[in-house]
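Asker: Predicted coordinates and the sequence they were generated for:
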Amino acid sequence: MIPSVQTGLEHFIAFPPKWIKGNRLGLLCNSASVNPKFQHAGRLIAHRFPGQLKAIFSPQHGFFNEKQDNMIESDHSEDPVLGIPSFSLYSQTRIPTHEMFDLIDTLLVDLQDVGTRVYTFASTVSYCLEVARQTGIQVVILDRPNPIGGLQVEGNCLAPDCASFVGRYPIPMRHGMTMGELALFMNSTFEIDSKLSVTPMKGWSRSMYYNDTGLPWIPPSPNLPTPVSAAVYPGQVIWEGTNVSEGRGTTQPFEIFGAPFFDALNLLEFLDKYPMTGIFLRPVAFEPTSNKWQGVLCRGFQIHVVDPNAYKPYCITLALLRALRYLYADQFKWKSPPYEYEYERLPIDLIIGDTKIRQRIESFEEIEDIEKSWQPELTAFKEKSREFYLYD
């Protein structure tokens, strides 16, 4: 299949900007930073601009996506082919040091984001923008598709007291922007004021899901193995803040979820009041090989997305969460800290992004009423974010 979308990486290689001559380049990337022929951005840039690539930077999970979970750090190393330093931005620090950026004049960013606030690549990019402003270097985003489309925007905006590495700014859980658009939005709206530009894609439209692009899917992190896992992630990531397995340690993380205390039929009956629009919940049993409930039989569901345009992953998982709190009050638990280097606040508050929403779920308020409460701030975000759209 010939891809219908040309990534920013491809366009940058084919039509390099005039200013690049003599520039010392850094590249923030991981193993998903490839062109449709599976050639890696680092090799392509080093070949296209001989001697100019001076440093590689990698986000959470490591350059090869080898680190499975949060707070598992990657070491700095040296690229074995190019012989240049490879800095981990998920190590002793999540913020690049001035010494790292002293090696470069321009930071190229080629990361496959997944359109969800808690995915930490956006936080890493925001820190890079801040340090770039301080050190006087420029940042260029080589844009890639939002795999869950650019039309649907969903969820509450992050409350300031819930800011963390899994969400620094007041944006909703599903933000509907590409990495390039989101970087422009953060840089301007939150007055980072770095020298920033975006090399846009060609052929991408906001109605596209990843399978529409024709591009190969390379997992951007270990537990998003397919575009479907990315599609359910804006909701299913919530289970990370609970004792419910989000499917880590299975072959279908985030698509599968459950716990030993689940009663699938009882749960489906309770959920009759809140329609599971756009999906089918198929009862399953599984034994995780790692992470929560390792080696213990869990019962739960696999989410089958049958209509991605109708599916609201965040609200549906909140409805599931409310049901579990009601049905299994003695067995369901919130996960205790630490979570992403936060040692006091509840992980669920950092993930949902608003302590009041967690409290309202504990009080068994209707999800429809909770959803209505965040509409004004969500509408304001939609209007503001559109100013930075690069497509359609």
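Answerer: Received it, and whenever you're ready, just let me know what you need. Numbers count the residues shown, from 1 in each chain.
Asker: all contacts plus neighbour counts: C-alpha atoms, from now on.
Answerer: Will do.
Asker: Show me what the nearest residue to residue 247 once chain neighbours are set aside bridges to in the sheet.
Answerer: Nearest non-adjacent residue to residue 247, counting by C-alpha to C-alpha, 6 or more residues apart in numbering: residue 253, 4.1 Å away. Beta bridges link residue 253 to residue 256 when assigned by DSSP bridges.
Asker: quick one: contacts for residue 253?
Answerer: Residues counted as contacts of residue 253 (C-alpha atoms under 8 Å, 6 or more residues apart in numbering) are 223, 224, 225, 229, 246, 247.
Asker: which residues of the protein fall in strands?
Answerer: Counting by DSSP state E, the segments of the chain that form strands are 25-28, 53-58, 77-78, 85-88, 106-109, 138-142, 154-157, 172-174, 195-199, 256-259, 279-286, 298-305.
Asker: And the contacts of the first one?
Answerer: I take that to be strand 25-28. 42, 52-59, 103-111.
Asker: Provide the strand pairings for it, with the direction of each partner.
Answerer: Counting by DSSP bridges, strand 25-28 is paired with strand 53-58 (parallel), strand 106-109 (parallel).
Asker: State the distance from the residue nearest to residue 247 to residue 194.
Answerer: 36 Å (C-alpha to C-alpha, to the nearest Å).
Asker: Check residue 154 too.
Answerer: In terms of C-alpha to C-alpha, residue 154 sits 28 Å off from residue 194.
Asker: same thing with residue 155?
Answerer: 28 Å.
Asker: One more: residue 119?
Answerer: Distance, residue 119 to residue 194, by C-alpha to C-alpha: 22 Å.
Asker: how about residue 42, what does it touch?
Answerer: Applying C-alpha under 8 Å, 6+ apart, the residues near residue 42 are 27, 56.
Asker: And the pLDDT at the residue nearest to residue 247?
Answerer: At residue 253, the model reports a pLDDT of 97.
Asker: Then the one 10 residues further on?
Answerer: Listed pLDDT for residue 263 reads 94.
Asker: Who does the closest residue in space to it that isn't next to it in sequence form a beta bridge with?
Answerer: Excluding its sequence neighbours, the residue lying closest to residue 263 (C-alpha to C-alpha, 6+ apart) is residue 299, at 7.1 Å. Taking DSSP bridges as the rule, residue 299 bridges to residue 259, residue 285.
Asker: Residue 157 too?
Answerer: Assigned bridge partners for residue 157, using DSSP bridges, are residue 172.
Asker: Done for today, thanks.
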